[in-house]
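Engineer: Sequence and predicted structure, then a few things I'm wondering about:
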Amino acid sequence: MIANRTRNIGIMAHIDAGKTTTSERILYYTGENHRIGEVDNGNATMDWMEQEQNRGITIVSAATTCYWKDYQINIIDTPGHVDFTAEVERSLRVLDGAIGVFCAVGGVEPQTETVWRQADTYKVPRIAFINKMDRLGANFFNVVDEMGKKLNANPVPLFLPVGSENDFKGIIDLINFKYLTFDQNDYGQTIIEEKIPEEFIDLSNEWREHLIDKASNFDEEIMDLFFNEEEIPADKLKLAIRKGCLIREILPVFVGSSLKNIGVQPVLDGVIDYLPSPLDITSTYGINVKKNTEIQILHDENAQPLALLFKIQMDREAGILSYIRVYRGVIKKGSTIYNVTKSKRERIGRILRMHADRREDLTELQAGDIGVIVGFKDVQTGDTLSSEGEKILLEKMNFPTPVISIAIEPNSQNDSDKLKNALAQLAMEDPTFTYKDDIETGQLVISGMGELHLDVLVTRLTDEMNIAAHVGNPQVSYRESITCEAKGSEKFNKIIANKENTAGISIEVKPLPIRSGNKFQITANTRGIDPKIIAAIERGIKNSFLSGIKYGYEVCDIEVKVTSIEYDELTASEFAFEACSSICFDKVCQSASPVIMEPIMKVEIVVPTQYVGDVIGGLTSRGGIVHKIDSKANADHISAESPLSKLFGYSTILRSSTQGRGNFSMEFDHYAPKSEKLF
């Protein structure tokens, strides 16, 4: 593998924008596949899971490798549904660049904005592909305009569509000033270059000037050549656009229709021309564990190996498949590597390159590569793999908290252990899925990001793992908080095993604004106090965050300050201070007017205009608040928020009230005080 000829990219977008269809064309044109798989037929290569084929959506991110013009392209096709946003999050964490796919009809849709923010967080350079120009209501220039307004991007079209809807015929290359059509007899493999049609000359000149103006910000000579009416070399334009793209100040825009095999090869050229190689990445940082200092991670094949484990998948035959991105050095088959997160050595049994669900054996993974390790025993998503001599910890990934739960019970006692083992396997694969035994009810409760998320997981349990289980109705994951400030003290004195254990503590609590999370700090004088005692106090408070105040729900948006500590060197113990701080927290919060907090969901509804009034009325009756309505060519987009407890079964109601033409998605936004009594 040659690093400057490698591209690690993701394909991301809102659900049904055509990500997987685009991936299938890429695999076909690069020679990786000899046929084109279709999502609607259930035979798409990248949607290899049975449920993906049955439901027609991408559920897990699929990795593959292909080759285009002597460049190696590692591709991850990510899900578009908001319930599987963790798959996008962990993919973007390790990718160098991304293709954002946009529907020419829907434009910038809600999940597009979500994945765009995730890509901004990880500073991922992107190119945009406006797909589905053959669809009724397609409007290229509206989508470009929305990219600037909604995504705060700087879109620069490199191609223009010729026609739209049924009249969409080809694309205009603004850099080479050519009209391109794609021969449908060989599924668009043959590209025919022609002169730009006369009626599109003025429009093409206008947008080429726009392109030159944007590119000149990164190469002053381009503008000089333009004003002197001299020819601007295509390579010079591409180099300037690449500079802008790498620092995320330009968003190169491509156009086409993947289903009609138009415009995909130029996107592949764009991946090579504009997106970064591993050598271009300078935004990766890690912590040197021994020195506790931050260091920049640069591409170096001769350095000690350093990799991030970003995804785990269980395989019936091979066991744990660990997907890793190598940032430095070389990882070789049969060697050992140190898991810095777990402080354990792991042996590398096999190294694989994945092609969706097919595999290719490798002897090593070099810096900048993405691959799969077989043989790891104790790993989880986000682990850092490094050398034991130089322990470097890469930044971990943050995943959203599950907000919806259901009770699940095995049909027989014999299946109980089998069920728990299966749940442990699912939790290892998916960081947004959790399970626990409810102490009060004795039930086994599983939690996830939404009804579809849990439905998919339950189907995997019953169909793939052959576990017969009874599933309850969805339940909301509530939280607790306080509504006013309070302070108080607590003393602890117990004789255990003939030894006196004492502790004394004073704390202040106050509510924080929504989405602030919990904060803990010690303002008391800690001079002369054993650091283990300080750690015990922090442990006692933070464990109390999990056990709740009044109803046993986890607390949120609370700040706790420890204002004084009574410490007797002879009788103080970690146990005493941990217990004392927990009791004190509970007592003080009880006096701070505790309140139940419920999850409020951000809701996006797409519905034909004639049904908007009925939909808004129905949503309002469920406690929803409408924030915005965007009118599009063939449907209206309603942005609203509503309590999760009122949204169970809403998709069925929406479909029945819109004759099956409305659809909606929701994602967790924040917790707010519950308007009605819980019990």
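Structural biologist: Yep, that arrived.

Engineer: Now for the protein, the helix or strand with the poorest mean pLDDT.
Structural biologist: Least confident helix or strand, the chain: helix 50-55 with a mean of 50, by mean pLDDT, DSSP states H and E.

Engineer: and the following helix or strand past that one, what does it pack onto?
Structural biologist: Downstream of helix 50-55, the first helix or strand assigned by DSSP states H and E is strand 62-68. On a contact count with 3 or more CB pairs under 8 Å, 6 or more residues apart in numbering; DSSP states H and E, strand 62-68 meets helix 19-29, strand 71-77, helix 264-274, strand 350-355. C-beta: built from backbone N, CA, C; applies to glycine.

Engineer: TSV for these, including distance to residue 463 and mean neighbour count?
Structural biologist: Shown next, in TSV, are these (distance: least, CB to CB, whole Å; neighbours: other CB atoms under 10 Å):
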stretch	distance to residue 463	mean neighbour count
helix 19-29	21	26
strand 71-77	23	24
helix 264-274	34	21
strand 350-355	23	19
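
Engineer: want to throw these into a markdown table with distance to residue 216 and mean pLDDT?
Structural biologist: Shown next, in a markdown table, are the helices and strands packed on strand 62-68 (distance: least, CB to CB, whole Å; pLDDT from 0 to 100):
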| stretch | distance to residue 216 | mean pLDDT |
| --- | --- | --- |
| helix 19-29 | 31 | 85 |
| strand 71-77 | 27 | 86 |
| helix 264-274 | 17 | 95 |
| strand 350-355 | 41 | 83 |
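
Engineer: Nearest approach to residue 394 belongs to which of those?
Structural biologist: Taking CB to CB, strand 71-77 is the member of the helices and strands packed on strand 62-68 nearest to residue 394, at 18.0 Å.

Engineer: what's downstream of the closest one, the next helix or strand?
Structural biologist: helix 85-94.

Engineer: Now do that next one: which elements does it pack against?
Structural biologist: Using 3+ CB pairs under 8 Å, 6+ apart: helix 85-94 touches strand 6-12, helix 110-121, strand 306-315.

Engineer: can you give me the strands for the stretch 351-500 of the chain?
Structural biologist: Assigned strands in the stretch 351-500 of the chain, in chain order: 358-362, 364-366, 370-374, 384-386, 392-394, 404-410, 434-437, 444-448, 469-471, 475-476, 479-482, 486-496, 499-511 (criterion: DSSP state E, counting those that start in this stretch).

Engineer: just those: most buried one?
Structural biologist: strand 384-386 (a mean of 25; mean count of other CB atoms under 10 Å).

Engineer: Pairing partners for it, with directions?
Structural biologist: strand 306-315 (antiparallel), strand 336-339 (antiparallel) (DSSP bridges).

Engineer: Report the distance from the shortest one to the chain centre.
Structural biologist: A distance of 27 Å separates the C-alpha centroid of strand 336-339 from that of its chain, computed with CA atoms, centre = their mean, to the nearest Å.

Engineer: Please work out which residues outside that strand touch it.
Structural biologist: 305, 307, 331, 344-348, 376, 378-379, 383-388, 391 (CB atoms under 8 Å, 6 or more residues apart in numbering).

Engineer: again, only this time at 6 Å
Structural biologist: Residues external to strand 336-339 that are found in contact with it (CB atoms under 6 Å, 6 or more residues apart in numbering): 345, 346, 347, 383, 385, 386, 388.

Engineer: Now that we have these, can you turn them into a markdown table and tack on distance to residue 500 and pLDDT?
Structural biologist: Shown next, in a markdown table, are these (distance: CB to CB, whole Å; pLDDT from 0 to 100):
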| residue | distance to residue 500 | pLDDT |
| --- | --- | --- |
| 345 | 44 | 89 |
| 346 | 46 | 89 |
| 347 | 50 | 89 |
| 383 | 43 | 87 |
| 385 | 47 | 90 |
| 386 | 46 | 89 |
| 388 | 44 | 81 |
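
Engineer: Now that we have those residues, which of them are buried?
Structural biologist: In the contacts of strand 336-339, burial by neighbour count holds for 346, 383, 385, 386, counting by 16 or more other CB atoms under 10 Å.

Engineer: Give the closest residue to the third one in space, chain neighbours not counted.
Structural biologist: Nearest residue to residue 385, sequence neighbours excluded (CB to CB, 6 or more residues apart in numbering): residue 307, at 4.4 Å.

Engineer: Contact partners for the one you found?
Structural biologist: With CB under 6 Å, 6+ apart, residue 307 has these contacts: 324, 326, 385.

Engineer: Make TSV out of those and add distance to residue 244.
Structural biologist: Shown next, in TSV, are these (distance: CB to CB, whole Å):
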residue	distance to residue 244
324	31
326	28
385	34
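
Engineer: which one of those residues is nearest residue 238?
Structural biologist: Among the contacts of residue 307, residue 326 lies closest to residue 238 (CB to CB), at 28.5 Å.

Engineer: count of residues packed around that closest one?
Structural biologist: 25 (other CB atoms under 10 Å).

Engineer: same deal with residue 249?
Structural biologist: 15.

Engineer: Go through whichever strand or helix holds residue 226 and flag the buried ones.
Structural biologist: Using DSSP H and E, residue 226 sits in helix 220-227. For helix 220-227, burial by neighbour count (16+ other CB under 10 Å) applies to 222, 225, 226.
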